[in-house]
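J.: Sequence and predicted structure, then a few things I'm wondering about:
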Amino acid sequence: MGRLDGKVIILTAAAQGIGQAAAIAFAREGAKVIATDINESKLQELEKYPGIQTRVLDVTKKKQIDQFANEIERLDVLFNVAGFVHHGTVLDCEEKDWDFSMNLNVRSMYLMIKAFLPKVRPPPPPPG
């Protein structure tokens, strides 16, 4: 038995880096992991791990998020990993880069939380 047996976990940006490592670690602890990313080919690498399902998802697209949320009955953990940091100083940052960063780093978090929070199962009451 793993520490996360029976838990349902959704991760964004799971195709590589921290997201990929977290997806694998959660699955090894017994969680049912739904790993999402915009990079379908890299995401498919996770399908070899038991307990991991994959789904292509662009977290900047509200319609995709809402459609995905409608397919999920319950959730224990939402791990928003997706993020972007512009390289260089603010003087090097074009407005389109700033807009993309804010859309991915802030707006997508709001959209994911708003869509999935109603699916989160409350923890059981303490014994006694």
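T.: On my side now, so go ahead. Residues are numbered from 1 along each chain as shown.
J.: all helices for the chain, in order.
T.: With helices called from DSSP state H, the chain shows them at 17-28, 40-43, 62-71, 95-102, 108-116.
J.: For those helices, which has the smallest mean pLDDT value?
T.: Mean pLDDT per stretch puts helix 95-102 lowest among the helices of the chain, at a mean of 94.
J.: is it possible to export the helices of the chain to CSV including distance to H86 and mean neighbour count?
T.: Where you see a C-beta, it was placed from the backbone N, CA and C, and this is true even at glycine. Shown next, in CSV, are the helices of the chain (distance: least, C-beta to C-beta, whole Å; neighbours: other C-beta atoms under 10 Å):
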stretch, distance to H86, mean neighbour count
helix 17-28, 17, 18
helix 40-43, 22, 14
helix 62-71, 23, 14
helix 95-102, 5, 12
helix 108-116, 16, 17
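J.: Among those, which comes closest to F79?
T.: Of all the helices of the chain, it is helix 17-28 that lies closest to F79, at 6.1 Å by C-beta to C-beta.
J.: how far does the closest one sit from the chain's center?
T.: Offset of helix 17-28 from its chain centre (C-alpha atoms, centre = their mean, to the nearest Å): 11 Å.
J.: Give me the helices and strands touching it, please.
T.: strand 8-11, strand 32-37, strand 52-56, strand 77-79 (3 or more C-beta pairs under 8 Å, 6 or more residues apart in numbering; DSSP states H and E).
J.: swap the cut-off to 10 Å and go again
T.: Packed against helix 17-28, as judged by 3 or more C-beta pairs under 10 Å, 6 or more residues apart in numbering; DSSP states H and E, are the following elements: strand 8-11, strand 32-37, helix 40-43, strand 52-56, strand 77-79.
J.: So what touches it?
T.: With C-beta atoms under 10 Å, 6 or more residues apart in numbering as the test, helix 17-28 has contacts from 2-4, 7, 9-15, 31-37, 42-43, 45-46, 49-54, 77, 79-83.
J.: mind redoing it with 6 Å?
T.: L4, I9, L11, A13, A14, V33, A35, L46, Y49, G51, I52, V81 (C-beta atoms under 6 Å, 6 or more residues apart in numbering).
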